[in-house]
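Visitor: Test case, fold it:
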Amino acid sequence: MSKLIYLDNAATTKTAPEVVEAMLPYFTEYYGNPSSIYDFAQKSKEAVTKGRQQIADVLNAKKEEIYFTAGGSEADNWALKATFEAYKGKGNHIITTKIEHHAILHTCEYLEKRGAKITYLDVDENGIVRLDELEKAITPETILISVMFANNEIGSIQPIKEIGRIAKEHGILFHTDAVQAFCQVPIDVDECNIDMLSSSGHKINGPKGIGFLYIRKGVKIRSFVHGGAQERKRRAGTENVPGIVGYGAAAERAMKNMKERTEKEIELRDYLINRLTTEIPYSRLNGDRVKRLPNNVNVSFQFIEGESMLLMLDQNGICASSGSACTSGSLDPSHVLLAIGVPHEVAHGSLRLTLSEETTKEDIDFTVDKLKEIVPYLRSMSPLYEDFMKKHQQ
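Guide: Now for the predicted structure:
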C-alpha cells in the first residue's frame with residue numbers, strides 16, 4: 001500500500017497544521033485556568049473569548065450566544081433535554097425526523113420515557129422533509145422542532161430557512177444539528193430563524209472533543225452540566241482552552257477557503273457520482289442529486305454486503321464507510337436509507353465516500369477503478385445476484 005486515500009471525512013477530518021500550531025502554546029505556555037483572576041490566566045481567558053468570536057462570526061451570531069461543549073452529541077442532548085425541562089409547562093411535544101443522527105433519536109427515546117410526545121417525520125425519497133407535513137404535525141403542545149441541517153449519511157440539505165419560518169410563525173423553538181453543515185455551507189442563524197444549533201470541531205479540520213451549542217439570546221433553557229459558573233453558568237467545567245483555540249482557528253480557516261474548497265469538492269463529487277452510477281451496473285445514488293453537501297457521495301450497490309466492500313477497499317489503502325461512524329459495528333442497515341425507501345437488502349450494500357480539500361481526481365479514479373473490481377467479485381459470490389442474472393437471461 002503506497003498511499004492512504006482517506007474518503008471518510010464525514011466521520012472525522014485531519015486536524016490542519018495551522019490549527020495544531022495555534023493550539024500548542026495553550027498546552028505548555030499559557031496553561032492557566034481561564035476562570036482564575038491573576039494576570040497569567042488572562043491569556044487563557046482571552047483565547048476562549050477569541051475562539052467564541054471566531055465561531056460566532058461564521059453564523060452571524062453574538063459571541064455570548066456560543067456555549068462550548070465536548071462535541072456535537074452533547075450539544076444535541078443539551079438542546080433537547082433542557083428545552084423539554086424548561087418548557088414542559090407549555091407543552092411536551094417535539095417534532096423531529098426519522099433520519100436524524102442517533103444523538104437526536106436516542107435523546108428523543110430517552111425523553112419519551114419521561115413523558116415527551118415525539119413526532120418522527122417521514123422524508124421524501126431524497127431525504128428531504130415535506131414542509132406541509134411538518135406544519136400539519138404542529139399542535140398547541142409543540143415546544144420544539146429539531147431538524148438536522150444536512151444529513152450525515154446521504155448529505156441531503158434540508159429547507160432550513162423555511163422550517164425556521166414555520167417555527168417562528170407558530171412560536172416554537174427551532175434547533176438544528178449542523179455538525180455536517182457548519183463551514184460546509186453558509187449558515188446565518190438570523191436569516192434562518194435558528195434558535196439553537198449544534199456543531200463539532202473535528203468535522204472541520206479542528207480537534208476532537210470540542211463542540212458548541214448556539215443558543216439565541218432569550219431562549220430560556222437551563223444548564224446541562226452542573227457545577228461551576230463556566231459558560232455564563234450554563235455549562236460547568238473548566239474550559240478546554242486548547243480545543244477552543246483550535247476550533248476557533250479551524251472555523252476561521254474554513255470560512256476563508258469555503259468558496260474555493262467547496263467548488264472543488266462539488267466538481268470531484270459529481271465526477272465520482274457519474275463514474276460510479278454509469279460504470280457499475282445496479283447502483284443507485286442516495287440523497288438529493290443537487291441539494292447535498294459538497295463533499296458527500298452515498299451509493300448503494302445491489303447484491304453485495306457493505307462490510308466486505310469496506311474491508312476490500314481498506315486492503316487497497318482506501319478509507320470509507322457504510323454510514324455514520326457512530327453506528328459502525330451494527331449489523332442493521334442504515335435507518336436513513338430505510339427511511340428514504342431503499343430496500344433492506346440494497347441498503348446493506350451502501351457506501352459513503354466523503355471528500356476533503358486534499359482529495360484529488362487521481363484518488364477518485366483509483367477508488368472507482370478498485371470498486372469496479374471489488375463489486376463484481378463480491379457479486380460473483382452472491383446467490384441473489386446469480387438468481388437475478390438467470391432470470392434476466394431467460
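Visitor: Can you list the low-confidence ranges for the stretch 51-200 of the chain?
Guide: For the stretch 51-200 of the chain, no stretch has pLDDT under 70.
Visitor: Where do the helices of the stretch 151-300 of the chain begin and end?
Guide: 160-169, 230-233, 241-256, 258-279 (DSSP state H, counting those that start in this stretch).
Visitor: would TSV of the ones you listed with mean neighbour count be doable?
Guide: (Glycine included, C-beta is placed from N, CA and C.) Output for the helices of the stretch 151-300 of the chain, formatted as TSV (neighbours: other C-beta atoms under 10 Å):
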stretch	mean neighbour count
helix 160-169	18
helix 230-233	15
helix 241-256	24
helix 258-279	16
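Visitor: Any idea which of those gets closest to Ile37?
Guide: Shortest distance between Ile37 and the helices of the stretch 151-300 of the chain, using C-beta to C-beta, is found for helix 230-233: 14.2 Å.
Visitor: ok so, going back, between the helices of the stretch 151-300 of the chain, which gets nearest to Ala86?
Guide: helix 230-233 (14.4 Å).
Visitor: by contact count, what packs against that closest one?
Guide: Helices and strands touching helix 230-233, by 3 or more C-beta pairs under 8 Å, 6 or more residues apart in numbering; DSSP states H and E, are strand 66-69.
Visitor: for the residue nearest in space to the middle of the chain, what are its contacts?
Guide: With distances taken as C-alpha atoms, centre = their mean, Gln180 lies nearest the centre of the chain, 3.0 Å away. Gln180 makes contacts with 10, 148-152, 155, 203, 293, 296, as judged by C-beta atoms under 8 Å, 6 or more residues apart in numbering.
Visitor: Derive a ChimeraX selection command for the buried subset of those residues.
Guide: To isolate in ChimeraX the members of the contacts of Gln180 that are buried, counting by 16 or more other C-beta atoms under 10 Å, one can use:
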select :10,148,149,150,151,152,155,203,293,296
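Visitor: Serialize the helices of the stretch 151-300 of the chain to CSV and add fields for distance to Lys372.
Guide: As requested, the helices of the stretch 151-300 of the chain are exported to CSV (distance: least, C-beta to C-beta, whole Å):
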stretch, distance to Lys372
helix 160-169, 37
helix 230-233, 51
helix 241-256, 33
helix 258-279, 6
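Visitor: And those, which one averages the lowest pLDDT?
Guide: Sorting the helices of the stretch 151-300 of the chain by mean pLDDT places helix 230-233 lowest, at a mean of 91.
Visitor: Can you list the neighbours in contact with it?
Guide: Counting by C-beta under 8 Å, 6+ apart, 35, 64, 67-68, 223, 236-239 sit against helix 230-233.
Visitor: try 10 Å this time
Guide: 33-35, 48, 52, 64, 66-69, 212-213, 215, 222-226, 236-239 (C-beta atoms under 10 Å, 6 or more residues apart in numbering).
Visitor: Drop anything exposed from the residues you listed.
Guide: 34, 48, 52, 66-69, 212-213, 215, 223-224, 239.
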